[in-house]
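K.L.:
can you look at this prediction? I've put the sequence above it.
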Amino acid sequence: MQHLPAGTATAAEAAERSPRGVLGLAREHPVATDRVLTAVLTGVSLAGLWLVSWSKTAPYRAPDAGGVLLTLAIVVPLLWRRQHPGLVLVISGTALLAYNAAGYPSGLAWLACYWAVYSLAVHRHRGDTYWPLAVWVAEILALLALPARGASNVQTVLIFLGVTAVVWLRGDAVRTGALEAERE
């Protein structure tokens with residue numbers, strides 16, 4: 001048996017720190033992973049409310065308490081994404097629509113909605129209906145009724161619908177793979 005000096009990593013320990021090891025750790029501790037990722041996304045989204053530079057011609061609302069509360073309403077529900085994926089998507093999507101309707105600059109909070117779409121695709125229960133996804137698509141289409149700020153609303157809607165489709169398909173593929181692995 002070979003003794004290694006203190007602080008020297010074995011090959012197994014080095015493999016654990018690799019990206020595959022990090023993913024394995026995330027799979028072993030899903031609740032902690034969700035908390036950490038939600039905290040990071042919350043911080044980035046709140047910082048984006050103030051730090052993202054915007055066109056001086058676009059009439060965006062200045063960040064205030066309402067923007068902070070709506071940002072929290074968009075992102076924080078992700079803590080329950082595994083237990084209630086449909087409800088999380090509806091809450092986050094509705095808060096994002098309110099955020100956009102209020103005229104706040106679109107930081108990175110919208111990423112939470114795509115995480116919620118992915119979560120619904122992966123964690124939906126057998127027999128669940130697709131009404132939360134339909135509500136999300138309706139919320140995207142509702143953006144067409146809002147005043148255009150900077151980019152075209154049609155362009156924004158097409159991008160949101162396209163990203164939704166890609167994220168849903170990826171999440172559904174992960175779910176299908178997990179179900180097949182479970183059967184084997």
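P.N.:
Noted; the coordinates are in hand.
K.L.:
gap between residue 160 and residue 142?
P.N.:
Computed as CB to CB, to the nearest Å, the residue 160 to residue 142 distance reads 11 Å. Heads up, the C-betas are built off the backbone N, CA and C, glycines and all.
K.L.:
which of these two has more neighbours?
P.N.:
Higher neighbour count among residue 160 and residue 142: residue 160, with 20 against 15, using other CB atoms under 10 Å.
K.L.:
which ones are touching the closest residue to the more buried one other than its chain neighbours?
P.N.:
Among residues not flanking residue 160 along the chain, residue 140 sits closest, at 4.6 Å (CB to CB, 6 or more residues apart in numbering). Applying CB atoms under 8 Å, 6 or more residues apart in numbering to residue 140 gives the contacts 157, 160, 161, 164.
K.L.:
and the residues you listed, which are buried?
P.N.:
Taking 16 or more other CB atoms under 10 Å as the criterion, what is buried in the contacts of residue 140 is 157, 160, 164.
K.L.:
so the first one sits against residue 144, correct?
P.N.:
In other words, residue 157. Yes. The pair residue 157 and residue 144 passes the contact test of CB atoms under 8 Å, sitting 5.9 Å apart.
K.L.:
counting neighbours, what do you get for residue 137?
P.N.:
18.
K.L.:
I should have written residue 158 there, sorry.
P.N.:
Residue 158 has 12 neighbours, counted by other CB under 10 Å.
K.L.:
flag the shaky bits of the chain, pLDDT-wise.
P.N.:
In the predicted model, the chain carries pLDDT under 70 at residues 1-20, 52-58, 149-150.
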